[in-house]
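**Student:** Provided below for reference: sequence and predicted model.
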Amino acid sequence: MKTAFTILILVSTQTIAQQQFDYVMYHVPTGWGIDTKRTDVVQLTVMDTNDGTYAMAGIYPSQQGLSSASENFNQAWEQIAQQTVSVTSQPQLNQVVNQNGWQIISGSTSFKDRNTAGWVWQVVATQQARYIAVILVTNSNKYQATIDQFIQSLKFLPLAAEVTSKTTVQPISSQSYSFQTTNFDDGWSATAEPDFVTVTKGNLKVLVHYPNAQADAYNSVLRDGLATAWSVLVAPRYTNIRNLEVKPIQSWESVSFASADGIEKASGKQFHIVLFKKHYSNGNGRYLEFVSPNKQTYDNEFVPYHNDEFGWDKNVNMQYRNKFAVAATDLTGTWGASDYASLSYYYVNGGGYAGATATSLAHIFTFNPNGTYQSDHAGASGVVGNQKFSRQVYNGKFSSNNWTLTLTNRFQGETENFACQFEAVKGGRILLLTDKLGTVYTLAKRQ
């Protein structure tokens with residue numbers, strides 16, 4: 001395997017389809033899975049259960065750093081690369097490259113973790129004391145060409161460009177879906193729109209905002225993060241904003257709450273606006289924008305402000321209105337999901353590295369126009385370097401009845417029913433399947 005890669009290829013004029021996260025354009029390698037549960041980081045993985053090889057890539061959002069590109073590279077190396085794998089040697093650096101105002105430093109080195117040996121790469125782009133880090137790891141040189149192609153696909157946009165989250169490009173956006181509206185039994189209706197789902201009942205409206213890298217970015221000062229979210233998600237659509245109150249509640253699962261009165265640009269009407277988010281520890285919270293004729297109407301229907309992290313269920317539950325039925329014709333193609341988790345150990349005496357355990361899962365569902373399907377489920381777990389691998393492939397027929405997906409010839413030939421629904425995201429849909437044991441598959445369309 002090469003000891004370093006050439007970052008000069010970042011300026012290549014290739015024509016492959018690219019996707020955007022934050023200020024980075026990139027291409028998902030064929031066969032690689034994307035973790036659709038993460039909105040803060042783009043996490044891509046590929047794994048071969050036959051020989052135990054893998055490769056991973058992570059794109060981290062821009063963050064405040066230092067003015068020096070080399071200092072940002074060193075900081076990212078300590079905080080990301082060295083926390084990902086056991087690295088003992090310093091990276092071999094390449095020549096600094098300038099692109100759209102970014103100073104780009106790259107480097108790579110080998111690592112060894114018990115019986116596993118491989119390579120780790122890092123690309124760090126710096127501009128105006130902000131930096132973006134990209135990390136790649138593999139334990140096999142058979143992924144070298146793919147990693148080179150991935151690096152070739154990277155393009156750093158000017159700092160003034162509009163940023164997006166990874167879910168704005170997943171899944172493929174060219175498909176139209178059978179169900180654009182859901183009518184709930186309690187009188188609420190949800191409609192998928194380009195930037196959010198609009199949920200309405202009478203003169204009330206709730207916007208369930210799609211994940212947004214800038215609005216959802218972690219900020220240790222909750223008030224500052226909420227102010228950013230307001231300026232990104234709410235302010236551009238209103239004029240004459242007044243009576244603005246920013247009242248976050250700091251706790252284990254914090255609450256963001258801001259309210260104001262303003263005139264909606266699209267309709268010219270005056271509304272009372274509340275921006276709300278429950279910051280769940282698993283990252284599932286969504287920004288909700290409550291739009292009502294006045295404050296009293298909001299207070300009567302939803303939860304008035306109170307300085308406590310508990311008691312917000314009626315507000316929070318509106319985010320689950322991002323729910324749409326599934327027609328069999330909507331499923332045609334390949335849908336996939338992957339997940340990865342690791343735990344590193346260190347000796348109490350001396351602090352030396354004592355190895356790591358990791359678990360990787362990948363699920364691929366392919367639905368064909370003739371009503372047949374194939375699903376491929378692969379996994380690896382255990383001590384890194386000595387993991388146990390498993391794989392199960394099913395073939396059969398499928399059918400969908402709006403909220404239920406039926407697959408034949410599953411475990412021991414049995415027919416299995418899944419609760420199914422689409423969740424709208426910017427540019428397409430995420431497919432959620434839940435089996436009888438409560439296992440949820442969060443699948444993005446790959447092709």
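**Tutor:** Done, it's in.
**Student:** what does the average pLDDT come to for stretch 338-351?
**Tutor:** Across stretch 338-351, the average pLDDT comes to 62.
**Student:** my bad, should have said stretch 426-433
**Tutor:** Stretch 426-433 shows a mean pLDDT of 90.
**Student:** stretch 35-42 too?
**Tutor:** The average pLDDT within stretch 35-42 is 72.
**Student:** over to stretch 77-87?
**Tutor:** 83.
**Student:** just the buried positions in it, please.
**Tutor:** 77, 80-82, 84-87 (16 or more other CB atoms under 10 Å). Backbone N, C-alpha and C define where each C-beta goes, glycine included.
**Student:** same check, this time on stretch 150-163
**Tutor:** Under 16+ other CB under 10 Å, the buried positions of stretch 150-163 are 150-157, 163.
**Student:** closest to residue 408 among those residues?
**Tutor:** residue 150 (37.3 Å; CB to CB).
**Student:** OK, contacts around that closest one?
**Tutor:** With contacts taken as CB atoms under 8 Å, 6 or more residues apart in numbering, residue 150 has the following neighbours: 26-27, 29, 57, 136.
**Student:** again with residue 225
**Tutor:** Counted by CB under 8 Å, 6+ apart, residue 225 has contacts 217-219, 256.
**Student:** now swap in residue 29 and tell me
**Tutor:** 44, 46, 146, 149-150.
**Student:** which residues in the stretch 251-400 of the chain form helices?
**Tutor:** 295-301, 313-316 (DSSP state H, counting those that start in this stretch).
**Student:** now tabulate the ones you listed in a markdown table and tack on mean pLDDT.
**Tutor:** Converted to a markdown table, the helices of the stretch 251-400 of the chain look like this (pLDDT from 0 to 100):
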| stretch | mean pLDDT |
| --- | --- |
| helix 295-301 | 97 |
| helix 313-316 | 96 |
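**Student:** out of those helices, flag the one nearest residue 53.
**Tutor:** That would be helix 313-316 among the helices of the stretch 251-400 of the chain, by CB to CB, at 41.8 Å.
**Student:** what lies in contact with that closest one?
**Tutor:** For helix 313-316, using CB under 8 Å, 6+ apart, the contacting residues are 276, 278, 285, 288, 290, 302-303.
**Student:** what's the closest non-adjacent residue to residue 307?
**Tutor:** Counting by CB to CB, 6 or more residues apart in numbering, residue 249 is the residue found nearest to residue 307 once chain neighbours are left out, at 6.1 Å.
**Student:** what does the pLDDT read for that neighbour?
**Tutor:** Value listed for residue 249 in the pLDDT field: 95.
**Student:** confirm for me that it is in contact with residue 276.
**Tutor:** No - assessed by CB atoms under 8 Å, residue 249 is found out of contact with residue 276, at 10.8 Å.
**Student:** on that earlier part again, name the nearest of the contacts of residue 150 relative to residue 410.
**Tutor:** For these, the nearest to residue 410 is residue 29 (29.6 Å; CB to CB).
**Student:** what is the helix or strand where residue 422 lies packed up against?
**Tutor:** Using DSSP states H and E, residue 422 sits in strand 416-425. Secondary-structure packing of strand 416-425 (3 or more CB pairs under 8 Å, 6 or more residues apart in numbering; DSSP states H and E): strand 404-407, strand 428-434.
**Student:** residue 20 is nearest to which of these?
**Tutor:** Taking CB to CB, strand 428-434 is the member of these nearest to residue 20, at 14.0 Å.
**Student:** in that closest one, what's buried?
**Tutor:** In strand 428-434, counting by 16+ other CB under 10 Å, buried: 428-433.
**Student:** save the contacts of residue 29 as CSV, and put in secondary structure too.
**Tutor:** Formatted as CSV, the entries for these read as follows, by DSSP: H, G, I helix; E, B strand; the rest coil:
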residue, secondary structure
44, strand
46, strand
146, helix
149, helix
150, helix
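**Student:** buried ones among those residues?
**Tutor:** Judged by 16+ other CB under 10 Å, buried ones among the contacts of residue 29: 44, 46, 146, 150.
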